[in-house]
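Visitor: Fold the following and give me the result.
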Amino acid sequence: MRTSSTRTRPRADDSLCEVHLIHKDAVHAALRARAGDHELARLADTFQIMASPSRLRIVEALAVREMCVCDLAAVVGVSQSAVSHHLRQLRQMRIVTYRKSGRIAYYRLDDGHIAEMLATGLEHVRE
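Guide: Residues are numbered from 1 along each chain as shown. Sure thing, here's the model as predicted:
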């Protein structure tokens, strides 16, 4: 006796509309809420720079407190040179900033949005 099988994987065409109909209110609402091209380009650059586990470890550490390069190298487990390279990229994207105290530079997140973005991303992948 054969039992009917249920599809577990969608077919390639399952995501297509069966009826060609544009819902004007939905389209207009999405167009009104759309970000500008420049904003999206900057956001894409931010996501791209954050796409490194080492840079994410740096951001994660700086979400706790400000730290110098030596401390960050110990936390991340890479060389001070590698941390400096990552910090330079993160500074250029305005993800981190620093203050000097004598000969030591202490790094911190540029603003609270970065920590929120990290927390939201971690919450998403943990679900």
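Visitor: Relative to Gln48, how far out is the closest residue to Ser52 other than its chain neighbours?
Guide: For Ser52, ignoring the flanking residues on the chain, the nearest one in space by Cβ to Cβ, 6 or more residues apart in numbering is His86 at 7.1 Å. No exception for glycine: its C-beta is placed from N, CA and C like everyone else's. The gap separating His86 from Gln48 is 13 Å, by Cβ to Cβ, to the nearest Å.
Visitor: more crowded one of these two?
Guide: His86 (23 against 11; other Cβ atoms under 10 Å).
Visitor: where's that one, which helix or strand?
Guide: helix 80-92 (DSSP states H and E).
Visitor: what comes into contact with that helix?
Guide: 49, 52, 54-55, 58-59, 69-70, 72-73, 76, 96-98, 107 (Cβ atoms under 8 Å, 6 or more residues apart in numbering).
Visitor: Now do the buried residues in that helix.
Guide: 82-83, 86-87, 90 (16 or more other Cβ atoms under 10 Å).
Visitor: Over to stretch 117-127?
Guide: Across stretch 117-127, burial judged by 16+ other Cβ under 10 Å covers 117-118.
Visitor: before we move on, back to that, nearest to Asp25, of the buried residues of helix 80-92?
Guide: Proximity of the buried residues of helix 80-92 to Asp25, judged by Cβ to Cβ, is greatest for Leu90, which lies at 41.1 Å.
Visitor: Can you give me the pLDDT of the closest residue to Leu109 other than its chain neighbours?
Guide: Take Leu109 and drop its neighbours on the chain: the residue closest to it by Cβ to Cβ, 6+ apart is Leu62, 5.0 Å away. On pLDDT, Leu62 comes in at 98.
Visitor: ok, Leu62 to Leu72 distance?
Guide: 8 Å.
Visitor: What segments of this structure are strands?
Guide: With DSSP state E as the criterion, the chain has strands at 96-101, 104-109.
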